[in-house]
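> Need coordinates for the below:
(2 chains)
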Amino acid sequence: MSFLNKLGIGIAAGAGSSREVPKTMGSSGRPRPNGPAPVAAVGATRAPEPRESNRVSNGLKEFLWNLDGLGRGTLLDLGPAWQTTLSFFIERGFRVSSEDILRAWKEFLVEEEGKLREATGRAAQHTFDVSPAARAARFLEANLQYPNSSFDAVLLWDLLDYLEPLVAKQIVVNLTELLRPGGVVFAMFHSKKPEGFQRYRVADSTTLQVISSPVLCPAQRVYQNREIQDLFSRYRTVKSFVGRDQLRESLFIK
Amino acid sequence: MWKKEDVKSQGLPENAPGNVVGSPATGGTPVRETSTGLPVSVSSKGSASISQGIRIKGEVTGSEDLFVDGHVEGKVNLSNGSLTVGPNGEVKADIFAREVIVRGRVDGRIVGREKIQLWSTGNVAGDLQTERLMIEDGAVLRGRVEIETGKPHVEARGAAAGTSKGGSVAASSPVSSGSAAN
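Modelled structure (predicted):
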């Protein structure tokens, strides 16, 4: 399967959790005044507007509890740069670094596709290693580049579900190096293959907003308990919560 | 080096509503479409602009506002001015300014003394240092955020505005307007 096929751009289904709040948004993400959509905006090719819902997050609550009293901590957010999430942690004295790994992964795959096409058009002496291990190495050469022991906490969200297993494994290894001793990782795993694609942002200390988004990367695998423990074998699992939306929230302390 | 555009010389009314593109309400350089469809930077201070297709390599210094819709590589230092990187703008430079608005692409550190705004089309790879930060949904940031004042101001904007908590989060622009906050 080609990389582009793997991207499989599509539209996410509903988040499937409680307290769903459909929101009228413009294409730029700005809310539109109430009333019918402009005629020009209605059409078969127009992408459905993003929907968001709230979910109570015991994992986030525990994550914050573990960071309580840290003072001026450092946080690495591996999701999109949301205003509310940054605001939430900055107000609590954190220095926040943001890096949207899934977006970077998507862009990386597109680049790889281009390089592969180039390589096949060139002479045979220029080989292009397309093995998953080589790809993982190339991806991590350009991403997650921070000094060791830089962070007290990492928001990993559910991105491991969407990455190739070797990349996911290597990211966890790298995060272990980036975390200080006692550092906390907040990760999420889907208990069954997700139908849509969603991003998350912090609404308050116990609530996450779940935003249905166009698919950046299709889900790669569903991790079982044992596999999650193996991935984080250098951590001690603190707590795990499974919601009604089949989303498992886990906390790991280094 | 820069193309200076004065709104009065174009014969456009200073605050004519209706044809403002992008409508950044404050700072930077509001962009207005002329009858030819070409964007023209307008501000009471008559700010400078580096238009699409212009490429500058080196250090850009000044004390007034600047609109960049072209390509700048090197360093940008506007001591008391505001820098707006337009949707087509690409800046590979460390930026120092009073206020920075990013609607295009910036690769470098941004120090916006008073405020940094990342619009939904903005893409920044570099650290941000400012007193007030505003990020619109869809903006891409890869870097560290440092809020300088004792009491941080991270303004709510767009869809995020209604859900922000805490006293110091100021939703200073109407959510439905979509315009930049003061």
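> what bits of the chain have low per-residue confidence?
Using chain A here. Residues of chain A meeting the criterion pLDDT under 70: A:1-50, A:122-126.
> try chain B instead
Using pLDDT under 70, chain B drops low at B:1-46, B:149-182.
> Could you measure from B:Gln52 over to chain A?
20 Å (Cβ to the nearest Cβ, to the nearest Å). (Glycine included, C-beta is placed from N, CA and C.)
> surely that residue meets B:Val85?
No. Contact criterion Cβ atoms under 8 Å: B:Gln52 and B:Val85 do not qualify, at 11.8 Å.
> Those two - which one has more neighbours?
B:Val85 (32 against 17; other Cβ atoms under 10 Å in any protein chain shown).
> any idea how far B:Lys92 is from the nearest residue to that one once chain neighbours are set aside?
Spatial nearest neighbour of B:Val85, chain neighbours left out: B:Gly104 (4.5 Å); criterion: Cβ to Cβ, 6 or more residues apart in numbering or on different chains. Shown here: B:Gly104 relative to B:Lys92, a distance of 11 Å by Cβ to Cβ, to the nearest Å.
> who's more crowded, those two?
Taking other Cβ under 10 Å, B:Gly104 and B:Lys92 do not tie; B:Gly104 has more neighbours (23 against 16).
> Do I have it right that that one meets B:Gly122?
Yes. Between B:Gly104 and B:Gly122 a contact is recorded at 6.9 Å, counting by Cβ under 8 Å.
> on that earlier part again, who are the contact partners of the residue nearest to B:Val85?
By Cβ atoms under 8 Å, 6 or more residues apart in numbering or on different chains, the residues touching B:Gly104 are B:Val68, B:Asp69, B:Val85, B:Gly86, B:Pro87, B:Asn88, B:Gly89, B:Glu90, B:Val91, B:Thr121, B:Gly122, B:Asn123.
> out of those, who's nearest chain A?
B:Thr121 (7.8 Å; Cβ to the nearest Cβ).
> shouldn't that closest one be in contact with B:Arg103?
Yes. Between B:Thr121 and B:Arg103 a contact is recorded at 5.2 Å, counting by Cβ under 8 Å.
> who touches both of those two?
With Cβ under 8 Å, 6+ apart as the test, B:Thr121 and B:Arg103 both reach B:Pro87.
> Compare the two and say which one has the larger neighbour count.
Higher neighbour count among B:Thr121 and B:Arg103: B:Arg103, with 25 against 20, using other Cβ under 10 Å.
> OK, contacts around the more buried one?
B:Gly22, B:Thr84, B:Val85, B:Gly86, B:Pro87, B:Gly89, B:Trp119, B:Thr121, B:Gly122.
> And for A:Phe94?
A:Phe94 makes contact with A:Arg72, A:Gly73, A:Thr74, A:Leu75, A:Ala153, according to Cβ under 8 Å, 6+ apart.
> From the contact counts, what lies against the helix or strand containing the last one?
This means A:Ala153. Using DSSP states H and E, A:Ala153 falls within strand A:151-157. Judged by 3 or more Cβ pairs under 8 Å, 6 or more residues apart in numbering or on different chains; DSSP states H and E, the packing partners of strand A:151-157 are helix A:58-67, strand A:74-77, helix A:165-178, strand A:179-190.
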